[in-house]
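1. Fold the following.
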Amino acid sequence: MATYYESPLDISPTSTLCDKDHQEETIKAICDSPRTLANISQWFQRRRSSTKTRSNESTPSTTSSAASSPTTRVTHPLLAKDMSRVVMRRPQGYTRQTYGHPLRNLGAGTNGVVALHQRSEDGLKVAVKRLIPPKSALRFTDRAQRYMRQVITEANLTRTFQHRNIIATYDVLQEADGVFYTVMDYCPLDLFTLIQTSNPSQAEIDCYFAQIVHGLNYLHSQQRVAHRDLKLDNVCITHSGTAKLIDFGCATTSNPKYDPQQRSPAIIATGSCGSDTYMAPELFSHNIYDARKVDVWALAVIYIAMCTKHFPWDRATMDDSNFTIFTKHPDHILERMLPSQTAATPLLRRMLMLNPSERPSITTIMMHPWFRSIDVCKVSDCNSHTHTVPLC
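-> Just a heads-up that it's a prediction; the model follows:
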């Protein structure tokens with residue numbers, strides 16, 4: 001289930017790239033008449049919850065340590081061994097007793113909600129995702145097994161991540177009534193909401209971009225994990241302007257079926273996962289792909305959306321006229337869309353290469369001269385900018 005935050009304005013993740021002949025005036029119209037992020041809320045709300053689920057994925061090899069307090073572990077009949085490693089069985093009411101009653105809902109998704117809680121022992125505010133398994137997950141079926149493995153996979157990964165640009169997960173548990181709870185850091189809003197409700201400076205935008213890249217570098221290089229559902233909604237922002245990646249329901253690690261010795265840096269994956277607007281072309285046409293390059297593509301779309309407040313296309317397929325125009329005039333389109341970002345456009349062009357093997361890795365992105373020039377909060381000792389985060 002994706003984690004969502006309250007969104008006070010109406011937005012549409014699309015643009016009005018025109019479908020006329022591919023000529024100079026057409027390209028100019030593409031960039032001069034966008035439909036901004038503040039339109040068509042009903043369409044967007046439907047799209048916002050239409051994340052595709054993955055298929056044919058292996059369970060990551062990563063494991064997390066058990067909680068220190070004594071408790072009885074969950075024993076799901078299908079996956080008792082895997083569940084016992086990462087999800088703790090608690091008595092009914094444990095979550096409210098430990099983390100207090102929900103103060104308010106932060107968002108909702110399939111089968112559950114995310115609410116703000118305040119831990120009773122020290123007053124720490126946390127976000128608690130409450131996931132109610134569908135009835136199908138309680139039956140002895142293949143679908144039930146896939147569902148439970150998805151829960152295990154996300155819990156298995158998030159409990160091990162330790163990076164300032166990755167959301168911290170404090171607890172993953174299942175109460176006696178079968179409901180799952182994930183207790184995480186609380187952030188006041190996500191990057192989508194921040195972009196639509198405020199007017200961040202270019203320095204702030206570049207800093208957010210760089211922070212996301214640092215988080216991805218940790219995932220790709222140190223954890224061998226690809227996110228596969230990168231989007232503005234899945235980057236939350238703290239009061240101090242720190243960006244943190246959230247929602248690892250689509251994340252995947254190196255698949256031992258295709259990389260038995262894990263010698264290749266590629267993170268091989270199968271199946272479509274993500275939100276259409278951010279999905280790379282290969283997700284619509286290939287069965288096997290390098291999930292790292294999918295993250296790189298989505299990262300470029302995120303940067304364009306932050307700078308222009310509109311998205312370049314709905315789907316990266318040739319039946320989308322906006323995307324078709326981009327494939328014919330990529331350099332010209334980027335120059336028109338980002339006229340003041342001439343230093344960044346060559347890198348973005350490489351990140352949006354149709355051939356995934358031609359896209360740079362996150363490590364290569366970090367070595368690019370433009371990226372190295374970004375003033376990143378929490379990295380340099382003296383920052384030339386400050387972040388203005390709306391109070392929620």
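2. ok, which stretches of the stretch 151-300 of the chain are helices?
-> 191-197, 202-217, 291-308 (DSSP state H, counting those that start in this stretch).
3. Single out the most deeply packed of the ones you listed.
-> Comparing the helices of the stretch 151-300 of the chain on average neighbours per residue, with mean count of other CB atoms under 10 Å, the densest one is helix 291-308 at a mean of 24. (Glycine included, C-beta is placed from N, CA and C.)
4. can I get the helices of the stretch 151-300 of the chain in a markdown table with distance to Phe248?
-> Shown next, in a markdown table, are the helices of the stretch 151-300 of the chain (distance: least, CB to CB, whole Å):
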| stretch | distance to Phe248 |
| --- | --- |
| helix 191-197 | 16 |
| helix 202-217 | 12 |
| helix 291-308 | 12 |
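5. weakest of those by average pLDDT?
-> Lowest mean pLDDT of the helices of the stretch 151-300 of the chain: helix 191-197, a mean of 92.
6. chain center to it, what's the gap?
-> 15 Å (CA atoms, centre = their mean, to the nearest Å).
7. tell me which strands and helices it is in contact with?
-> On a contact count with 3 or more CB pairs under 8 Å, 6 or more residues apart in numbering; DSSP states H and E, helix 191-197 meets strand 235-237, helix 291-308.
8. mind exporting that helix as CSV, just the C-alpha atoms?
-> C-alpha atoms of helix 191-197 as CSV (Å, rounded to 0.1, in the frame of the first residue of the first chain):
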residue,chain,number,x,y,z
LEU,A,191,7.2,16.5,-2.0
PHE,A,192,4.1,16.6,-4.2
THR,A,193,2.2,18.7,-1.7
LEU,A,194,5.2,20.9,-1.1
ILE,A,195,5.6,21.7,-4.8
GLN,A,196,1.9,22.5,-5.3
THR,A,197,1.5,24.6,-2.1
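9. on that earlier part again, of all the helices and strands packed on helix 191-197, which lies closest to Thr193?
-> strand 235-237 (8.4 Å; CB to CB).
10. Quick check: can you name the pairing partners of the closest one and their directions?
-> Sheet pairing of strand 235-237 (DSSP bridges) gives strand 189-190 (antiparallel), strand 243-245 (antiparallel).
11. Of all those, which one comes closest to Val87?
-> Between Val87 and the strands paired with strand 235-237, the tightest spacing by CB to CB is seen for strand 243-245, at 21.5 Å.
12. Next, the buried residues of that closest one.
-> Judged by neighbour count using 16 or more other CB atoms under 10 Å, the buried positions of strand 243-245 are 243-245.
13. Could you pull up the mean pLDDT of that strand?
-> 96.
14. got the domain boundaries for this protein?
-> For the chain, automatic domain parsing gives the domain ranges 80-185, 189-372.
15. Out of these, which one sits most buried?
-> domain 189-372 (a mean of 20).
16. Please compute how far stretch 122-137 lies from its chain's middle.
-> 18 Å.
17. Ok, stretch 323-337 next?
-> With CA atoms, centre = their mean, you get 25 Å for stretch 323-337.
18. Residue ranges in the protein under the pLDDT threshold?
-> 1-86, 109-111, 134-141, 143-144, 255-264, 379-383, 391-392 (pLDDT under 70).
19. Identify the residues contacting the residue with the shortest distance to the centre of it.
-> For the chain, the residue sitting closest to the mean C-alpha position, by CA atoms, centre = their mean, is Leu230 at 3.2 Å. Applying CB atoms under 8 Å, 6 or more residues apart in numbering to Leu230 gives the contacts 212, 216, 245, 274, 278, 295, 298-299, 302.
20. quick revisit: so which of the helices and strands packed on helix 191-197 gets nearest Gly93?
-> strand 235-237 (27.9 Å).
21. ok, and what's touching the closest one?
-> By CB under 8 Å, 6+ apart, strand 235-237 touches 3, 5, 167, 187-191, 194, 208, 212, 243-246, 302, 387, 389.
22. Show the subsequent helix or strand relative to whichever strand or helix holds Val114.
-> Using DSSP states H and E, Val114 sits in strand 112-118. Next in sequence after strand 112-118, counting helices and strands by DSSP H and E, comes strand 125-131.
23. Who are the packing partners of that following strand?
-> helix 94-99, strand 112-118, strand 180-185.
24. is it possible to export these to a markdown table including distance to Lys129?
-> Shown next, in a markdown table, are those (distance: least, CB to CB, whole Å):
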| stretch | distance to Lys129 |
| --- | --- |
| helix 94-99 | 11 |
| strand 112-118 | 5 |
| strand 180-185 | 4 |
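25. In contact with the spatially closest residue to Phe209 that is not a sequence neighbour, which residues?
-> Excluding its sequence neighbours, the residue lying closest to Phe209 (CB to CB, 6 or more residues apart in numbering) is Tyr303, at 5.1 Å. For Tyr303, the contacting residues are 205, 209, 344, 348, by CB under 8 Å, 6+ apart.
26. ok, the helix or strand hosting Gly107: who's next to it in the sheet?
-> Taking DSSP H and E as the definition, one finds Gly107 inside strand 104-109. Its sheet considered, strand 104-109 pairs with strand 112-118 (antiparallel) by DSSP bridges.
27. what does the partner strand rub up against?
-> 1, 3-5, 95, 99-108, 124-132, 180, 183, 186.
28. Can you report how many residues neighbour Tyr186?
-> 18 (other CB atoms under 10 Å).
29. got the end-to-end distance for stretch 193-209?
-> 15 Å (CA to CA, to the nearest Å).
30. From Thr345, how far off is Gln150?
-> In this view, Gln150 and Thr345 are 38 Å apart by CB to CB, to the nearest Å.
31. any chance of the contacts of Leu230 in TSV, plus distance to Leu173?
-> Shown next, in TSV, are the contacts of Leu230 (distance: CB to CB, whole Å):
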residue	distance to Leu173
Ile212	29
Leu216	28
Leu245	22
Gly274	28
Tyr278	31
Asp295	29
Ala298	31
Leu299	32
Ile302	32
